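# task: produce atomic coordinates for the following.
(chains A and B)
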Amino acid sequence: MSNIIEIKNAVHKYKGAGNESLNGVSLSVKRGETILLCGASGSGKTSVIRLINGLIPHYYKGELTGEVRVKDIDVGSVELYELAGIVGTVFQNPRSQFFSVDTDGEIVFGPENIGIPPDEIKERKNTIVSQMDLDGLLGRSLFALSGGEKQRIACASVAALLPEIILLDEPSSNLDREAILKLHDIICEWKKQGKTIIISEHRLWYLTDLVDRVIYMKDGRKECEWTSEEFRSLSYEQTSTLKLRPTRLAEHRIDEVHTPDDNDGIVLKDFFFSYQHHPYILWKRKYTEADGDMLALCIPRLVLPRGKVIGVTGRNGAGKSTFLRCVCGLEKDCTGVIEVDGEEYKGNRRIGLSYMVMQDVNHQLFTDSVQAEVMLSMNDKDEEHCHEILDSLGLLEFKDTHPMALSGGQKQRVAIASAIAAGAKILLFDEPTSGLDFAHMEKVGELLKQLAAAGSTVLVSTHDPELIDLSCDYELRIKHGRVEYFSSLVGG
Amino acid sequence: MAFLVGYCSIIVQFLPALITAWYVVRTTKIDEFISSMQKMHVPDGITISLAVVMRFFPTIKEEYCAIQDAMKMRGVMLAGGNVAQMVEFRMIPLLFSCVNIGDELSAAAITRGLGGKVKRTSVETLKFSALDYVMMICFTAAAAVFVYHKYFK
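From the prediction side, this is the model:
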């Protein structure tokens, strides 16, 4: 049995890039193997995936030498659509890999493209729907699905092409724990069907029982290779020096249920909100606790300790984002009142009090230089103060750079700088570490602690137990828009 | 007064077309759209670009809302009354994220065989029914009467 994938000494450089993204990678994969590619951001994991599905060299132009053969086909010399029935790819961002707007259309999209007869497509669709347990998701708009549901549809639409090789490029980045376990089951099923699977991933814990071989990439090279036993036995110290996330999930270290203390904290009162509206003619009726199940958020009273990092956890759709949006005043129908130092902030006044760093930070950078970006938030336009803030975040050397030319982490820090400049007392972070490697996650964790030490109250919504472990003092668990528990963490 | 009549007649003449376009975009699945265009033998290049445009409307809306939120938080909704900046602050992030999404979207579509030389099939079977023919005859008749009376009489 020959190898199904054979990469020989591939060197690749993206057009316009300074360094090689791949620097002599060789890889042979046997039929039916499951392989994990891990390594820090920019180590060339994604480029290897693109090499196999043909996006390099057909879509992402650049210089490529070396040989890539998939099922004895030279990838460079065939058209991309000819690979469609052989190699399937699940991408990182569920938002941007859909071509249809409804779930049914998405599953049949691939087979339609390669000209399978309609009856056979329907049959394939039914098989896949029952295999992956997708009945509840059929006939829905893709825009109304949660991240985990979107990713399951993405897997189904790839599986519908019946590829022998399935590639997954950081598939769990936007998923919660339960959704990741579902993804694990899907991969497990594919493995049983004898498909060849290659996964590029930062989150390692859910893959330990699935992979046959693990390849660690560094600077565009294959640095080392582990068998699954060796991989499982890697200790926390070993993985963290390699800039990898741990292979085992940290145990929860809940200390005690936090008892609210009014004097020293930020008090949130009457936070009720729903996406459904009461019918009204002239006056909107305010939401109250009596609305019960209709409420997407129901927090009658909560005291947040000041100058601490609070991790907001919960499943996808539990109300974490709704909570953050209400705290920073984006949902103007939310009734909540925030009390700081005996002063009450209501309605639009909440906006100045808090600032949210969004998951897609590109949405909140408006101007053409870092300095202008920070000055935009300042009322008195004090250039010196602006430089101080930039300096404290290590951004001073970039003050004249265009924000869009920065890396993801730097953009995040620019957004934080403008929040500090605006004088926000509460800083909110929506999933700041999704898709980051361990080293970058550690940096974010440090930054959160630093911000809290400077006196801000930091609320961070996250699915990463590692981040909670690294930086959070408290955990606020949200379920159905209600506080499930609020507790301090040991040693945080 | 003449201006007002002018504006009103523009609204009256264009609104039906806009409403129809909106209705088409809202109610047509992309799948149906592609296969109907194919039945009309429209070239693939045009079909696919139009399909991408249709796919993009909801995305643009989603991105735009997120940007609006970000502006609200910064308190720059009105950009101090500077209209040029008001537009700039909305358009620049929107363009950046749309370009990124478009790029990833095409990559994902290509890996699933879009744009191949094989003739595309479709699970949606589209056919003219009796009602379609009746409607077509009605509208053609109405258009013929209108054109005849306006230009030939």
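
# where does chain A have its least confident helix or strand?
None of the helices or strands of chain A scores lower by mean pLDDT, DSSP states H and E than strand A:254-257, at a mean of 62.

# for the helix or strand following that one, which helices and strands make contact with it?
Using DSSP states H and E, the helix or strand that directly follows strand A:254-257 along the chain is strand A:265-273. With contacts taken as 3 or more C-beta pairs under 8 Å, 6 or more residues apart in numbering or on different chains; DSSP states H and E, strand A:265-273 sits against strand A:297-305, helix A:320-327, strand A:337-340. No exception for glycine: its C-beta is placed from N, CA and C like everyone else's.

# next, count neighbours for residue A:240.
Neighbours of residue A:240 under the rule other C-beta atoms under 10 Å in any protein chain shown: 16.

# on the pLDDT front, check residue 51 for me.
No chain was given, so I picked chain A. Confidence at residue A:51, expressed as pLDDT, is 93.

# try chain B instead
pLDDT, residue B:51: 86.

# tell me which residues of the one helix or strand it maps to come out buried.
Assigned by DSSP H and E, residue B:51 falls within helix B:44-74. Across helix B:44-74, burial judged by 16 or more other C-beta atoms under 10 Å in any protein chain shown covers B:44, B:47-48, B:51-52, B:54-55, B:59, B:63-64, B:66-67, B:69-74.

# which of the residues you listed are close to chain A?
B:51, B:54-55, B:59, B:63, B:66-67, B:69-74 (C-beta under 8 Å from any C-beta of the partner chain).

# and which of the residues you listed is nearest chain A?
Of all these, residue B:70 has the smallest distance to chain A: 3.7 Å, by C-beta to the nearest C-beta.

# in contact with the closest one, which residues?
Residue B:70 sits next to A:358, A:363-364, B:93 when contact means C-beta atoms under 8 Å, 6 or more residues apart in numbering or on different chains.

# what angle do helix B:44-74 and the lowest-mean-pLDDT helix or strand in chain B make with each other?
The weakest-scoring helix or strand in chain B, judged by mean pLDDT, DSSP H and E, is helix B:30-39 (a mean of 85). Counting by axes from the mean of the first three to the mean of the last three C-alpha atoms, to 10 degrees, helix B:30-39 lies at 150 degrees to helix B:44-74.

# does chain A have contacts with helix B:30-39?
Yes - with C-beta under 8 Å from any C-beta as the criterion, chain A is reached by helix B:30-39 at B:30-31.

# list phi and psi for residue A:166.
Dihedral pair for residue A:166: phi -120, psi 130, per degrees, to the nearest 10.

# bridged to it, which residues?
residue A:88, residue A:197 (DSSP bridges).

# what about it, neighbour count?
Quick note: residue A:166 (other C-beta under 10 Å) scores 24 neighbours.

# isn't it right next to residue A:90, touching?
Yes - using C-beta atoms under 8 Å, residue A:166 is in contact with residue A:90, at 7.2 Å.

# number of residues surrounding the closest residue to residue A:33 other than its chain neighbours?
Nearest residue to residue A:33, sequence neighbours excluded (C-beta to C-beta, 6 or more residues apart in numbering or on different chains): residue A:212, at 5.1 Å. Using other C-beta under 10 Å, residue A:212 has 16 other residues around it.

# and what of the one 5 residues further on?
Residue A:217 is surrounded by 23 other residues when neighbours are defined as other C-beta under 10 Å.

# gap between residue A:176 and residue A:465?
Look at residue A:176 and residue A:465: by C-beta to C-beta, to the nearest Å, they are 11 Å apart.

# avg pLDDT for the helix or strand where residue B:131 lies?
Assigned by DSSP H and E, residue B:131 falls within helix B:130-147. Regarding helix B:130-147, the rounded mean pLDDT is 94.

# now swap in stretch A:356-367 and tell me
88.

# then stretch A:54-62?
Rounded mean pLDDT across stretch A:54-62 is 89.

# tell me which residues of that stretch come out buried.
Those would be A:54-58, A:60, A:62, for stretch A:54-62 by 16+ other C-beta under 10 Å.

# let's have the contacts of residue B:70 in TSV, adding neighbour count, secondary structure and distance to residue A:77.
Formatted as TSV, the contacts of residue B:70 follow (neighbours: other C-beta atoms under 10 Å in any protein chain shown; DSSP: H, G, I helix; E, B strand; the rest coil; distance: C-beta to C-beta, whole Å):
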residue	neighbour count	secondary structure	distance to residue A:77
A:358	22	coil	43
A:363	22	helix	41
A:364	25	helix	44
B:93	25	helix	40
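
# quick one on the thing from earlier: dump the ones next to chain A among the buried residues of helix B:44-74 to CSV, plus distance to residue A:335.
Output for these, formatted as CSV (distance: C-beta to C-beta, whole Å):
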residue, distance to residue A:335
B:51, 43
B:54, 39
B:55, 37
B:59, 32
B:63, 29
B:66, 24
B:67, 26
B:69, 19
B:70, 23
B:71, 23
B:72, 18
B:73, 19
B:74, 24
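
# quick one: the helices in the stretch 51-200 of chain A, in order.
In the stretch 51-200 of chain A, the helices defined using DSSP state H, counting those that start in this stretch lie at A:55-58, A:80-83, A:103-113, A:118-132, A:147-159, A:177-192.

# please report how far residue A:403 lies from residue A:419.
In terms of C-beta to C-beta, residue A:403 sits 14 Å off from residue A:419.

# near chain B, which residues of the stretch 101-250 of chain A are found?
So far as C-beta under 8 Å from any C-beta goes, the stretch 101-250 of chain A lies against chain B at A:101-102, A:105, A:108-118, A:121-122, A:125, A:143, A:157-158, A:161.

# among these, name the buried ones.
Buried among those by 16+ other C-beta under 10 Å: A:101-102, A:105, A:108-114, A:116, A:118, A:121, A:125, A:157-158, A:161.

# which residues touch the host helix or strand of residue A:427?
Using DSSP H and E, residue A:427 sits within strand A:426-430. Strand A:426-430 is contacted by residues A:266, A:304, A:321, A:324, A:327-328, A:338, A:353-359, A:416, A:419, A:448, A:451, A:456-462 when judged by C-beta under 8 Å, 6+ apart.

# so where's chain B shaky on pLDDT?
For chain B, no stretch has pLDDT under 70.

# mind redoing it with 80?
B:77-81, B:115-116, B:124-125, B:153 (pLDDT under 80).

# backbone torsions only: list them for the closest residue to residue A:211 other than its chain neighbours.
Distances taken as C-beta to C-beta, 6+ apart put residue A:36 closest to residue A:211, at 4.4 Å, once the chain neighbours are dropped. Backbone torsions of residue A:36, given as degrees, to the nearest 10, read phi -110, psi 130.

# check contacts around residue A:36.
A:199-201, A:204, A:207, A:211, A:213-215, A:231.

# which residues does it bridge with?
Bridge pairing for residue A:36 - DSSP bridges - gives residue A:199, residue A:214.
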